[in-house]
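> Sequence and predicted structure, then a few things I'm wondering about:
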There are 2 protein chains.
Amino acid sequence: MAKKDKFVEAITPMNEDFAKWYTDVVKKAELVDYSSVRGCMVIKPYGYAIWELLQRQLDDRFKATGHQNVYMPMFIPESLLEKEKDHVEGFAPEVAWVTHGGTEKLTERLCVRPTSETLFCEHYANEIQSYRDLPKLYNQWCSVVRWEKTTRPFLRSLEFLWQEGHTAHATADEAMEETINILNLYAKFCEDVLAIPMIKGQKTDKEKFAGAQATYTIESLMHDGKALQSGTSHNFGDGFAKAFDITYTDKENKLSYVHQTSWGVSTRLLGGIIMVHGDDNGLVLPPAIAPIQVIIVPIMQKKEGVLDKANEIKDALSKFTRVDIDDSDKSPGWKFSEHEMKGVPLRVELGPKDIAKNQAVIVRRDTREKYFVSLDELEAKVSELLQEVQKSMLEKARVHRDKHTYTATTMDELTNIMNDNPGFVKAMWCGDTACEEKIKEETGATSRCIPFEQEEISDVCICCGKPAKKMVYWGKAY
Amino acid sequence: MAKKDKFVEAITPMNEDFAKWYTDVVKKAELVDYSSVRGCMVIKPYGYAIWELLQRQLDDRFKATGHQNVYMPMFIPESLLEKEKDHVEGFAPEVAWVTHGGTEKLTERLCVRPTSETLFCEHYANEIQSYRDLPKLYNQWCSVVRWEKTTRPFLRSLEFLWQEGHTAHATADEAMEETINILNLYAKFCEDVLAIPMIKGQKTDKEKFAGAQATYTIESLMHDGKALQSGTSHNFGDGFAKAFDITYTDKENKLSYVHQTSWGVSTRLLGGIIMVHGDDNGLVLPPAIAPIQVIIVPIMQKKEGVLDKANEIKDALSKFTRVDIDDSDKSPGWKFSEHEMKGVPLRVELGPKDIAKNQAVIVRRDTREKYFVSLDELEAKVSELLQEVQKSMLEKARVHRDKHTYTATTMDELTNIMNDNPGFVKAMWCGDTACEEKIKEETGATSRCIPFEQEEISDVCICCGKPAKKMVYWGKAY
């Protein structure tokens, strides 16, 4: 057990230094390595396997709702980026510019895509002629680049992996419906698969996407009480269509502009998983995206029959779970630590004494509860526990979030919460950007969203005292 | 039928202008659209769906052989690219350079990866300490950029999608074994899934990868008699390991360099599929990668019961195939043409007369054979035909290739074949690069590979008459 303790000591406790705890987990759980390119990460096999599980399940949901994948170029000519005014203003300051191809200086600079609205618009302008061509429900999985000054693995990196959906519709109503359908799809996916509860709402004008008519967001609360914007869905109206001249002839042969949306989630979600579920022993993964759902650790594995039995169990479990066996020459304690660090949801321990009793020990990663289970009932119990873990991780995250969701009616209250024990704060707002800016300046809290589920905390804006228009979730954000 | 004819006429016949036929198919089968970035393509939903099917099946084979996916940064600092001499000489002339991030000029240029050996080496140097860390069997799916002067969709584009495997091993033997195992995996995948027969062999020194000790290749023959290099597998020995200082301590505590490999296939394979299987009616897809394997075309679909029956069949077939129904308001002839253009392997026609006879008509895309099948036997017949089509497409491609594989013992013979009716030409070679260059200059043929299956066509080099060392496949190449 000495080795185990040594291993566990290597992580900074969460309460001591949350940021350090985070980077420790990222490193020790073997999710990411740094590279010689500032702010770019190497996503290691274990981290990438989580991303692949997330990606496939989200992609299945996109396809089930009629979306199709495509691939657009990674470069955007400067003149194309400049076509929509708000959009270029928002993104030009943070793009990487390609100026040379081989030995030749380019006549026009190309930026590495920070997002691909402009490319999709150009393509849609070519593709869409008639109402018969609508809707277009396209999505792309790719990497994008934003020249950030300070970076952190998954949360904010120069390059990150994401999906970006881009759709075109005949009417404003259809575009609005798509925007909200996707937001709901995201929220449900995050709850069902990542076990992270989401607040759904609209971004204020100040926080909306460059070029959007309206931006909707899903917001989650991390263990340290900070908020994470976890996905966004934008309604563009016909703004981009006008800038790029994307028109169609309707059934009455009248020429109209299309209405568009875009939406995305990224590897940032992996940061959310770490910060919502992790603990001082490392990562805790919801079974739905755990590359290994069950790790079998044989005890006294050199004793005759132990490895055979362990392998027999592995074969049985592999029919319905992602299961592995750790028969390396490390000590059991060391193995326990390693698989805890990697967040494997269930551990099955099996030694000669267990085999004699026809039993195994199951240990849950999330609660560390132990179960002594007859080998005859092992498959049923593993199956039951995987579902139970998935469910109770969501529940635990919801309890934590609700416990750290406050209301405030004065600036002092808001400031105190932000300083002492941050979380989501529900407070009323007059709708004025000046107040939003003042709140940020004085309390450190930014508006996270105007939630769909409105409450009336008071009649007046927490900042200026004028009549309130909306209840807003405020918080410190990643 | 007027509409159908009009549609069919729109493609240039293969024999008239093969290059034009190719771009017609790419466009009309809705695989690709051009973008405003020179040489970069938009891969449309149908083209991308083929790529996804290819990707998933190849990825399954990588995983089944112990390989793991990772993700490396898309940028390579200039100094990192320069670490291995041959490598930088080969690639520096054709990379895209990022010189600015946002408004700031970078102190060191970054290239957009043309291939990622240097990044993997840097990572491996961090990760590998002991023999316990070996082998590393990593793969990555991503896009890469090479600043080509002339480009063609799929075959040669500025940006393309690919996978690149990068492995590190304890011994030279293990690296060699991996190199060949992957070449065999590629060849088997191409035959099983893409129905394209491959010649396996080694590249000459002139044609090998920049920085490799040896490059192995799979080569296929297109319908016009030109060769397509379809995938390569490189053995690096310890060359990169020495340049990047990637060492490990072995069981005797001795420090050794690792031995490495890399290997890749790309969206170029889609070009191969088009040019091996396509015909004057468009694309022909092997069922294994056909996004739609069976298209049901109802005849007189407004008659009562027709659409109901068609949907019933669709439901039954969807249990084991990717099936769709075309109930649009286009004429049946128009629908036939469209789905032929897209290469859908089987068409099921069903009209009131068929229903009265309890039958449907199945038409194969590859041979255009018609089958009148009792509805009771439809599922079995579809299943049987899909297997049959997959098999016979491979066989047909093999027959075509063998028919266009010649032998030559004189330069005149080789020249005549290349001019009159090109194909693979087997001819002897002394091993001298000067002869290889002369052959290219005089006949237009490049060395495709030194095949594993050697024959003795003659005793002397076709070019210089000195004693021959190897039989080489020569051909005009894409």
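Received the coordinates, thanks.

> C-alpha only now, for contacts and for neighbours.
Fine.

> ok, residues contacting the host helix or strand of residue A:418?
When elements are defined using DSSP states H and E, residue A:418 is found to belong to helix A:411-420. The contact list for helix A:411-420 (CA atoms under 8 Å, 6 or more residues apart in numbering or on different chains) reads A:408, A:423, A:425, A:439, A:442-445, A:462-463, A:475-476.

> which among those residues end up buried?
Burial of the contacts of helix A:411-420 was assessed by neighbour count (16 or more other CA atoms under 10 Å in any protein chain shown); the buried members are A:408, A:423, A:425, A:439, A:443-445, A:462-463, A:475-476.

> Just the CA coordinates for whatever helix or strand residue A:448 lives in, please, in CSV.
When secondary structure is defined using DSSP H and E, the element that contains residue A:448 is strand A:446-451. Listed next in CSV are the C-alpha coordinates belonging to strand A:446-451 (Å, rounded to 0.1, in the frame of the first residue of the first chain):
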residue,chain,number,x,y,z
THR,A,446,-20.4,37.7,-16.1
SER,A,447,-23.8,37.0,-17.5
ARG,A,448,-24.0,33.3,-18.2
CYS,A,449,-27.4,33.3,-19.8
ILE,A,450,-31.0,34.5,-19.7
PRO,A,451,-32.5,31.1,-18.8
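
> Could you name the helices and strands sitting against it?
Under the contact definition 3 or more CA pairs under 8 Å, 6 or more residues apart in numbering or on different chains; DSSP states H and E, strand A:446-451 sits against strand A:199-202, strand A:214-221, helix A:433-443, strand A:470-475.

> if we go to 6 Å?
Strand A:446-451 makes packing contacts with strand A:199-202, strand A:470-475 when contacts are defined by 3 or more CA pairs under 6 Å, 6 or more residues apart in numbering or on different chains; DSSP states H and E.

> And the next helix or strand past the lowest-mean-pLDDT helix or strand in chain A?
None of the helices or strands of chain A scores lower by mean pLDDT, DSSP states H and E than helix A:2-9, at a mean of 44. Downstream of helix A:2-9, the first helix or strand assigned by DSSP H and E is helix A:18-28.

> just how off-centre is that next one within its chain?
On the basis of CA atoms, centre = their mean, to the nearest Å, the separation between the geometric centre of helix A:18-28 and that of its chain is 17 Å.

> which non-adjacent residue is nearest residue A:370?
Excluding its sequence neighbours, the residue lying closest to residue A:370 (CA to CA, 6 or more residues apart in numbering or on different chains) is residue A:363, at 4.6 Å.

> so is that neighbour in a helix, a strand, or just coil?
strand (DSSP: H, G, I helix; E, B strand; the rest coil).

> what number of residues lie near it?
20 (other CA atoms under 10 Å in any protein chain shown).

> before we move on, what about the one 4 residues further on?
Residue A:367 sits with 12 neighbouring residues when counted by other CA under 10 Å.

> roughly how far apart are it and residue A:345?
Separation of residue A:367 from residue A:345 (CA to CA, to the nearest Å) stands at 10 Å.

> do residue A:275 as well
Residue A:275 sits 16 Å away from residue A:345, going by CA to CA.

> Between the two, which is the more surrounded one?
Per other CA under 10 Å, whichever of residue A:275 and residue A:345 has more neighbours is residue A:345, with 29 against 25.

> Got the confidence number for the nearest residue to that one once chain neighbours are set aside?
Nearest-residue entry for residue A:345: residue A:365, 4.9 Å, with adjacent residues in sequence omitted and distances by CA to CA, 6+ apart. Reported pLDDT at residue A:365 in the predicted model: 98.

> Residue A:365 and residue A:343, how far apart?
7 Å.

> quick one: residue A:351 and residue A:297 touch, right?
No - here residue A:351 does not reach residue A:297: they are 8.7 Å apart, not a contact under CA atoms under 6 Å.

> and those two? which has more neighbours close in?
Residue environment comparison for residue A:351 versus residue A:297 gives the larger neighbour count to residue A:297, 26 against 23, counting by other CA under 10 Å.

> Which of the three states applies to the more buried one?
State at residue A:297, reduced to three classes by three-state DSSP: strand.

> Nearest spatial neighbour of it, chain-adjacent residues omitted?
residue A:349 (5.0 Å).

> Now do the contacts for that neighbour.
When contacts are counted by CA atoms under 6 Å, 6 or more residues apart in numbering or on different chains, residue A:349 touches A:297-298, A:360-361.

> for the stretch 301-450 of chain A, which spans come out with low pLDDT?
Under the criterion of pLDDT under 70, none of the stretch 301-450 of chain A is flagged as low confidence.

> Where do the strands of it begin and end?
Under the criterion DSSP state E, counting those that start in this stretch, the stretch 301-450 of chain A contains strands at A:323-325, A:346-350, A:359-364, A:370-374, A:405-407, A:424-429, A:446-451.

> and the first one, what other elements does it pack with?
The one in question is strand A:323-325. Using 3+ CA pairs under 6 Å, 6+ apart as the contact criterion, the neighbours of strand A:323-325 among helices and strands are strand A:294-298.

> One more: the fifth one?
Packed against strand A:405-407 by the contact rule (3+ CA pairs under 6 Å, 6+ apart) you find strand A:424-429.

> Show me what from chain A comes close to chain B.
A:40, A:42-45, A:48, A:68-73, A:93-98, A:100-102, A:147 (CA under 6 Å from any CA of the partner chain).

> Just the residues you listed: which are in helices?
Secondary structure of the residues of chain A next to chain B is defined by DSSP state H; positions in helices are A:45, A:48.

> Just the buried ones from the residues of chain A next to chain B?
Buried members of the residues of chain A next to chain B, counted by 16+ other CA under 10 Å: A:40, A:42-45, A:48, A:68-73, A:94-98, A:100-102, A:147.

> For the residue of the stretch 351-478 of chain A found nearest chain B, which non-adjacent residue is closest in space?
Using CA to the nearest CA, the point where the stretch 351-478 of chain A gets nearest to chain B is residue A:478, with a distance of 21.4 Å. The shortest distance from residue A:478 to any non-neighbouring residue, by CA to CA, 6+ apart, is to residue A:228 (5.5 Å).

> so that neighbour bridges to which residues?
Going by DSSP bridges, residue A:228 is paired in beta bridges with residue A:220.

> Tell me if I'm right that it and residue A:199 touch.
No - in terms of CA under 6 Å, residue A:228 does not count as a neighbour of residue A:199; the distance is 10.5 Å.

> So if I had to pick from these two, which one is more boxed in?
More neighbours sit around residue A:228 than around the other of residue A:228 and residue A:199, counting by other CA under 10 Å; the figures are 24 against 19.

> Let me see the contact set for the more buried one.
Taking CA under 6 Å, 6+ apart, one finds A:219-220, A:477-478 in contact with residue A:228.

> cool, and residue A:428?
Residues counted as contacts of residue A:428 (CA under 6 Å, 6+ apart) are A:461-462, A:468, A:470-471.

> which of the residues you listed lies closest to residue A:173?
For residue A:173, the closest of those turns out to be residue A:470, at 23.1 Å, with distances computed as CA to CA.

> Test for you: state the pLDDT assigned to the closest one.
Per-residue confidence at residue A:470 stands at 97 (pLDDT).

> Let me see the domain layout of chain A.
For chain A, automatic domain parsing gives the domain ranges A:13-277, A:292-388, A:405-475.

> Mind putting these into a markdown table with distance to residue B:243?
Conversion of these to a markdown table gives the following (distance: least, CA to CA, whole Å):
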| stretch | distance to residue B:243 |
| --- | --- |
| domain A:13-277 | 16 |
| domain A:292-388 | 32 |
| domain A:405-475 | 49 |
